[in-house]
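*Asks:* how would this look folded up:
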Amino acid sequence: MSEFSQDRLERRIMEAVSNLIITGAIKNPHLSPFTSVTKVQLAPDNTEARIFVSSMPEERIDPSVKALNSAAGFIQHRLAQVLKTKNTPRLTFLRDDSYREAERINRLIDEAIGTRDGES
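*Replies:* Below you'll find the predicted structure:
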């Protein structure tokens, strides 16, 4: 599959899963309505998709990831209806901590700039 096709399929998966979360189609009280899909990594053979999610407030992310993984079969079934591909990838939901890492890097940069300004 070409890189363009794979990127397009990843975007369609992201959109479809986000839509299921937003519309409340996934009936699980542990799933925060403020959960958002941040990234989809599709295996080259399209058999697996790793879906990264974040949530606000931050303490709701772990229960939301657990709720999504328990509903993975339902989500995969609904995804099959939307994608209409020969095979639907097996879904795994993971916590996305990239924003935490970005905040840490920004804090380190701010500290470095502050230290440099103090030296002059």
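
*Asks:* hmm, who's touching stretch 15-25?
*Replies:* Contact with stretch 15-25 is made by 26, 31, 33, 35-37, 40, 51, 75, 78-79, 82-83, 91, as judged by C-beta atoms under 8 Å, 6 or more residues apart in numbering. Every C-beta, even on glycine, is put in place using the N, C-alpha and C of the backbone.

*Asks:* in the protein, which spans are helices?
*Replies:* 3-23, 61-70, 72-83, 98-119 (DSSP state H).

*Asks:* out of those, deepest packed?
*Replies:* With neighbours taken as mean count of other C-beta atoms under 10 Å, those reach their highest mean count in helix 61-70, at a mean of 18.

*Asks:* angle of it against helix 72-83?
*Replies:* 70 degrees (axes from the mean of the first three to the mean of the last three C-alpha atoms, to 10 degrees).

*Asks:* other residues contacting helix 61-70?
*Replies:* Contacts for helix 61-70 (C-beta under 8 Å, 6+ apart): 26, 28, 30-32, 35, 51, 53-55, 75, 92-95.
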